[in-house]
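Enquirer: Take this sequence and fold it.
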Amino acid sequence: MDMYGVYRDVVHTKFKNASIAVDPFHAMKNINAALDKVRIRIMKGRKSDSVDYYLLKNFHWLLLAGEIRENKRKYNKRLRRYINYPQLLELILDISGELKEAYLFKDSYAVFNMTSDYKNADEKFSDFMNKKKDCKNT
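Expert: Here you go, the predicted structure:
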């Protein structure tokens with residue numbers, strides 16, 4: 001099923017007992033959009049001259065990136081130190097527990113997509129959903 005809202009509404013209204021399958025691309029797109037909403041909400045709660053705001057505004061792409069391979073330290077004038085991208089990501093995730101939880105959810109879904117196949121998808125999806133519930137309860 002297409003993830004467009006109108007289609008979802010029609011399916012829920014007209015086909016109440018239908019099983020719905022969503023392709024991984026659209027699922028990941030929605031997860032990334034939700035993560036970005038969390039980032040923006042947290043960023044708006046910070047002063048525009050704060051380091052947190054600077055990190056959330058200028059390095060938000062690190063939250064959406066896959067594995068970050070660039071490990072070379074570069075001098076950052078705002079932070080007044082040499083720092084690499086993995087360290088920047090760690091600083092961003094330390095800003096908010098909610099942001100970190102959303103990032104880890106996105107990351108765990110990406111791992112689920114990469115490691116699942118037809119034979120083990122049911123079991124891996126159940127594990128993924130249980131981890132999601134555990135995150136919400138903490």
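
Enquirer: Could you pull out the helices in the chain for me?
Expert: Assigned by DSSP state H, the chain shows helices spanning 5-14, 24-44, 51-58, 61-64, 85-93, 97-115, 121-137.

Enquirer: Go through the longest one and flag the buried ones.
Expert: Residues of helix 24-44 classed as buried under the neighbour-count rule (16 or more other CB atoms under 10 Å) are 28, 31-32, 35, 38-39, 42-43. No exception for glycine: its C-beta is placed from N, CA and C like everyone else's.

Enquirer: Can you check the pLDDT for the residue nearest to residue 78 when sequence neighbours are not counted?
Expert: Using CB to CB, 6 or more residues apart in numbering and skipping the chain neighbours, the partner closest in space to residue 78 is residue 54 (5.5 Å). Listed pLDDT for residue 54 reads 99.

Enquirer: Could you measure from residue 54 over to residue 122?
Expert: From residue 54 across to residue 122, the span is 44 Å (CB to CB, to the nearest Å).

Enquirer: who's more crowded, these two?
Expert: Set residue 54 next to residue 122 and count neighbours by other CB atoms under 10 Å: residue 54 wins out with 16 against 10.
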